[in-house]
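Asker: 3D, please:
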Amino acid sequence: MIMNCLDMEGVVVPEIWIAFAEETGIASFRITTRDEPDYDKLMRYRLELLRHHKLGIREIQETISHIDPLPGAREFLDELRSFSQAVIVSDTFTQFARPLMQKLGNPTLLCNELVIGDDGYISDFRMRAAHSKLTTVKAFQAMGYETLAVGDSYNDLEMLLASKTGVLFRSTEQIRKDYPDLPTADTYPQLLAVIRQAMAE
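Answerer: All right, here's what the predicted structure looks like:
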């Protein structure tokens, strides 16, 4: 049995923080896990930026309300779930992801939580577990599943490398160069073909 573990941002929806950078005009928010491998360091940096600019959850959720899934993502998920099981495994937060999941037909999402004060400012974040994506695929494997993982960034590599098949989807040239043994895909039909082939092996 195969469990497909899909990253969220960059795989089925656009990068939330890049959209937020564009909406606020603050270019520093454009840094993502494609640029900074240390997710804890990246989130601490983002929280400092939010405090400095006096921005809170309301402003981020307003940006998210304007974000749609990547073109073809809903159809890709519908087709994938017609012949296999799939779950979204993300380092994002429930307060960000809920409206996006609705637009994708409410796939199962495993992610994290923000700590938000009464004033609407984000004071901290709670990860489900250390190395949460790796922990997730190992948990599925412990339940008897083989895992197939799809991601685009540095923070996806642990779950890709620990899975039966790990696929880089629309990843950077540097990551592709650093991990030449990982199969790649740039379109959803290509990704479905890689998944079907992996399932047949």
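Asker: now the strands for this protein?
Answerer: 2-6, 85-93, 109-116, 122-126, 146-151, 165-169, 184-185 (DSSP state E).
Asker: nearest to A27, of these?
Answerer: strand 122-126 (19.9 Å; CB to CB). C-beta: built from backbone N, CA, C; applies to glycine.
Asker: now do the buried residues in the closest one.
Answerer: Using 16 or more other CB atoms under 10 Å as the burial criterion, the residues of strand 122-126 that qualify are I122, F125.
Asker: over to stretch 19-27?
Answerer: Result for stretch 19-27 [16+ other CB under 10 Å]: buried residues A19, F20, A21, E23, T24.
Asker: likewise stretch 153-169?
Answerer: Buried-residue list, stretch 153-169, by 16+ other CB under 10 Å: 153-160, 162-169.
Asker: and the end-to-end length of it?
Answerer: 9 Å (CA to CA, to the nearest Å).
Asker: on that earlier part again, between the buried residues of stretch 153-169, which is nearest L42?
Answerer: N155 (8.6 Å).
Asker: what sits against the spatially closest residue to the closest one that is not a sequence neighbour?
Answerer: Closest residue to N155 apart from its sequence neighbours, by CB to CB, 6 or more residues apart in numbering: T33 at 4.2 Å. Residues in contact with T33, defined by CB atoms under 8 Å, 6 or more residues apart in numbering, are Y39, L42, D91, S153, Y154, N155, D156.
Asker: tell me which two of those sit farthest apart.
Answerer: Farthest pair in the contacts of T33, by CB to CB: L42 and D156, 13.8 Å.
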